[in-house]
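In: starting from these lines, generate the structure:
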Amino acid sequence: MNRLRRSILWLVLLVVVPLGALTVMQYRFLRSLQSTTAQAERNWLRNSLEEVTHEIESNYRTASERALTISADSLMNVDALTEHIRNSPVPGARTFFAIHYDESRAEWGFFAPDGMEKTPSSEQVEAVKLATVSWHVAHTMQRILAQPSLHVDERDPENRIIMRPILDDGLRVIGVVGVVLDEDMAREAMVRIGAATLRRRYHGNDMLFRIGRQFAADHGFITQPLGFVFTNWRAGVRDNSATPEQIAETNFHANILWTGGVSLMLFGAIALAVQSVARQMKLSQMKSDFVSNVSHELRTPLASIRVFGEYMRLGRVTKQEKIVEYGEYIEAESRRLTQLINNILDFSRIESSEKTYKFCETDIVDFVGQIVAGFLVPLRDSGVSISFHPPLAPVPPLSIDRDAIGQALVNLLDNAVKYSRERADIEVSIEPSSFDVSIAVRDHGIGIPAAEQKKIFEKFYRTGSTLVHDVRGSGLGLSIVTHVVEAHGGRVEVTSQPGEGSTFTIVLPVATASHAAEIGGATQREFA
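Out: This is a model prediction of the structure:
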């Protein structure tokens, strides 16, 4: 009995407690997976909406190109023009018009969608005059233009116009043809096109498609603006069967049931093998494998890569541009991991005094512009805006380590993006003076309390704000920035107000070639 009690005690201490801890970890992981699943469902709806809006835009462009492409001879032939309009419908068209410019006057014609001539309202006439005045000027000035293309005028929301200039053999404007759209008819046509696209491509899903100027926040629609015409309208889509949160909750409950069943089976197997050392070894190995698997799955930096990879593996993405887009997302996440690894490696070299720098004269304005442009490439579809403001005055070349300063600037840009919240508008500027050059990175994010503005440059330090801890990071970025800039004889400054954003400024001295060599030599001696 005592031996059994000892066995049970060892079982509780060595097996039951660790498995209980692993169960808690698994529960937390499943909660994290629930959030990831909901986000993946939202991304799927967003991708579906992008395909639908692209289909609507393509349909309107194709129909408008067909209806508004006529020869110069047909422009002056009412019968041919009438027949062409009748056979070339545009969804939501209210009135077609054709204008022929003579040397001293313009001949106007307005037609119904069935090709019959009609008398337009005064509002339509004024809207057409306003939209076509630039083409009249081009005709008067005998300007030679490239091949004509579609143009959209939405200055009058009640009379939105798609038009196309007509050129003669000398590529001069001799007239304009166009169509005035009706809001209600266009909305109905767009909804029909969008609903048909969803049924054709996602027939297995009960999806609702709507178009309007705005959507109620509590209706669960994923929305985006239209791109070709009616650009102040938004298209929205949602899954009628369940919201992304409901789908994630259902998957969570199913995973909990499976996890609970597996846990019961493990406890039963362990209880039967208490007296067998070999069995205990085997169960210990199983426990170790289980810990390893859970540890790998809990690595959150790989969550985005896994989600997009699964979409591609399951064949949900068939269009080449979407495959390229998902590949770019995967590449961007991989770059973030690479940047984190580089930061850790550089920090290790700094801590072990093995960090060295290779200085060379560099056009700092061109260099910073290249860094900003390269950083923005994987973020072009994420809503992030980075504007670069070069100085008005010339800046002398600086002696810098390009890799080190580039990494420091990327760290500041990455922080600005991560802590910008909804308004990801970032400004990068360069200001020269007689003795130094300042490179400023400004964001409009959460800001930093004054009491913590000096501490943020310490290694591993992160502010106590809950918003900051919602963003992943190693706490090494600013520490590395400080070391790199100080190794160049410069300094890092920060100005910030909570809730209004932050400005980090790298100040590098303007040094002569001999002075730069002295800095480089000192750096080699100090950090080599």
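In: now stretch 230-246: how far from the chain's centre is it?
Out: 18 Å (Cα atoms, centre = their mean, to the nearest Å).
In: most centrally placed residue in this structure?
Out: residue 382 (1.2 Å; Cα atoms, centre = their mean).
In: what helix or strand is it located in?
Out: Following DSSP states H and E, there is no helix or strand that holds residue 382.
In: give me the pLDDT value at the nearest residue to it once chain neighbours are set aside.
Out: In this structure, residue 382 finds its nearest non-sequential neighbour in residue 424, 7.6 Å apart by Cβ to Cβ, 6 or more residues apart in numbering. For every residue, glycine as well, the C-beta is placed using N, CA and C. With respect to pLDDT, residue 424 has a value of 77.
In: ok so, going back, mind checking pLDDT for the residue nearest to the centre of the chain?
Out: 70.
In: quick check: residue 131 touching residue 164?
Out: No. In this structure residue 131 lies outside contact range of residue 164 using Cβ atoms under 8 Å: 11.5 Å.
In: neighbour count: the two, which is higher?
Out: residue 131 (24 against 21; other Cβ atoms under 10 Å).
In: one step back: run a quick neighbour tally on the residue nearest to residue 382.
Out: Residues within reach of residue 424, counting by other Cβ under 10 Å, total 19.
In: go on, residue 412?
Out: Neighbour count of residue 412, defined by other Cβ under 10 Å: 27.
In: kindly report the same for the one 4 residues further on.
Out: When counting by other Cβ under 10 Å, one arrives at 25 neighbours for residue 416.
In: between residue 131 and residue 164, what contacts are shared?
Out: residue 178 (Cβ atoms under 8 Å, 6 or more residues apart in numbering).
In: just for the stretch 1-150 of the chain, where's the confidence low?
Out: 1-16, 104 (pLDDT under 70).
In: all strands of it, in order?
Out: For the stretch 1-150 of the chain, the strands defined by DSSP state E, counting those that start in this stretch occupy 93-101, 106-111.
In: just the helices in the stretch 201-350 of the chain please.
Out: Listed in chain order, the helices of the stretch 201-350 of the chain (DSSP state H, counting those that start in this stretch) span 244-272, 277-297, 303-313, 320-351.
In: so residue 445 makes contact with residue 502?
Out: Yes. Between residue 445 and residue 502 a contact is recorded at 6.7 Å, counting by Cβ under 8 Å.
In: other SSEs contacting the helix or strand where residue 193 lies?
Out: Secondary structure from DSSP H and E places residue 193 in helix 183-201. Contacting helix 183-201 under the criterion 3 or more Cβ pairs under 8 Å, 6 or more residues apart in numbering; DSSP states H and E are the following elements: helix 17-68, strand 207-212, strand 234-239.
In: could you check the angle strand 234-239 makes with the longest one?
Out: In terms of direction (axes from the mean of the first three to the mean of the last three Cα atoms, to 10 degrees), helix 17-68 departs from strand 234-239 by 140 degrees.
In: check contacts around the residue nearest to residue 99 when sequence neighbours are not counted.
Out: Nearest residue to residue 99, sequence neighbours excluded (Cβ to Cβ, 6+ apart): residue 176, at 4.7 Å. Residue 176 is in contact with 97, 98, 99, 132, 135, 163, 164, 165, 166, counting by Cβ under 8 Å, 6+ apart.
In: which stretches of the stretch 301-450 of the chain aren't confidently modelled?
Out: 301-302, 332-333, 335-354, 378, 380-381, 421-423.
In: 80 instead?
Out: Counting by pLDDT under 80, the stretch 301-450 of the chain shows low-confidence ranges at 301-356, 377-383, 421-424.
In: before we move on, the earlier item: the residue nearest to residue 99 - that's part of a strand, no?
Out: Yes. Under DSSP: H, G, I helix; E, B strand; the rest coil, residue 176 falls within a strand.
In: for it, name its beta-bridge partners.
Out: Under the criterion DSSP bridges, residue 176 forms beta bridges with residue 99, residue 165.
In: and it, how close does it get to residue 373?
Out: Distance of residue 176 to residue 373, given as Cβ to Cβ, to the nearest Å: 39 Å.
In: residue 379 too?
Out: Taking Cβ to Cβ, one finds residue 379 at 11 Å from residue 373.
In: what does residue 200 give?
Out: 39 Å.
In: check residue 123 too.
Out: Taking Cβ to Cβ, one finds residue 123 at 46 Å from residue 373.
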